[in-house]
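Engineer: What follows is a protein structure lacking sequence information:
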């Protein structure tokens, strides 16, 4: 059982939902990122989504785009994500909280799928959210992740056909990331009226 599976099983037993904040690595620096993650844990976060800065937005709204740009301008390197993970692992107050990276598939592909998973696990991460990985190209990474006990989390959107949703779910583990609205990430004044029905159908599958 992976750390994410163990967490969600425990939460189900308590009839609780998971709180998962998102933070950008290196914005404005690694020390601050580490401190904010530790504060989130102390405030009740169950797991944490650690963003890997990337130059090309993937449905990211202006807030996340700006945070990625600030980190890149400051000299962000992938090694900073691993360094952050190691520091969080050494922090006894944070270590028990599962952490996953939000990362572009192009980064994983460039350094090698197995290498990325190995480095992430060595740094204390237990999964990766890969928003731009097409289901048609996900078999190899999904296989590697399952063999290593590393969760591959993929996205389903309101415009994803139901057949395709099921295919995505089959290749995902840990949890399935359901994008609640069509458009970029950001604040909303309302949610779609069919959101509850869509999530309910997907859970049944």
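Structural biologist: The structure has been received and is ready for your questions. If you're wondering where the values come from, they're calculated on a predicted model, not measured in any experiment.
Engineer: How are the strands of the chain distributed by residue range?
Structural biologist: 22-24, 48-51, 99-102, 127-129, 151-153, 155-156, 177-178 (DSSP state E).
Engineer: Quick one, which of these gets closest to residue 15.
Structural biologist: Counting by C-beta to C-beta, residue 15 lies closest to strand 177-178 out of these; the figure is 20.0 Å. The C-beta positions use only the backbone N, C-alpha and C, and glycine is treated the same way.
Engineer: which residues are contacting the closest one?
Structural biologist: Strand 177-178 is contacted from outside by 129, 131, 153-156, 198-199, 202, using C-beta atoms under 8 Å, 6 or more residues apart in numbering.
Engineer: Listing partners with orientation, what would you give for that strand?
Structural biologist: strand 155-156 (parallel) (DSSP bridges).
Engineer: so how far is the partner strand off the chain centroid?
Structural biologist: Computed by C-alpha atoms, centre = their mean, to the nearest Å, the chain-centroid distance of strand 155-156 equals 12 Å.
Engineer: do the same with stretch 159-166
Structural biologist: 20 Å.
Engineer: Could I get the average pLDDT for that stretch?
Structural biologist: Regarding stretch 159-166, the rounded mean pLDDT is 94.
Engineer: Could you list the buried residues of that stretch?
Structural biologist: If you call a residue buried by 16 or more other C-beta atoms under 10 Å, then stretch 159-166 has these buried ones: 160, 165.
Engineer: what's the answer for stretch 143-150, then?
Structural biologist: Under 16+ other C-beta under 10 Å, the buried positions of stretch 143-150 are 144-145, 150.
Engineer: what's the spacing between residue 80 and residue 36?
Structural biologist: 15 Å (C-beta to C-beta, to the nearest Å).
Engineer: same thing with residue 63?
Structural biologist: Taking C-beta to C-beta, one finds residue 63 at 15 Å from residue 36.
Engineer: can you check residue 88 too?
Structural biologist: 11 Å.
Engineer: And for residue 191?
Structural biologist: 26 Å.
Engineer: again with residue 12
Structural biologist: Counting by C-beta to C-beta - residue 12 and residue 36 are separated by 28 Å.
Engineer: Neighbour count for these two, which is higher?
Structural biologist: Counted by other C-beta atoms under 10 Å, residue 12 and residue 36 do not tie: residue 36 has more neighbours, with 15 against 10.
Engineer: thinking again about what came up before, what's the farthest-apart pair in the contacts of strand 177-178?
Structural biologist: So, the contacts of strand 177-178 by C-beta to C-beta: farthest apart are 129 and 198, at 19.3 Å.
Engineer: Compare the two (neighbour count), which wins?
Structural biologist: Shown here are residue 129 and residue 198; by other C-beta under 10 Å, residue 129 has more neighbours (24 against 17).
Engineer: Can I get the strands of the chain in a markdown table including mean pLDDT?
Structural biologist: Formatted as a markdown table, the strands of the chain follow (pLDDT from 0 to 100):
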| stretch | mean pLDDT |
| --- | --- |
| strand 22-24 | 96 |
| strand 48-51 | 98 |
| strand 99-102 | 98 |
| strand 127-129 | 98 |
| strand 151-153 | 98 |
| strand 155-156 | 94 |
| strand 177-178 | 92 |
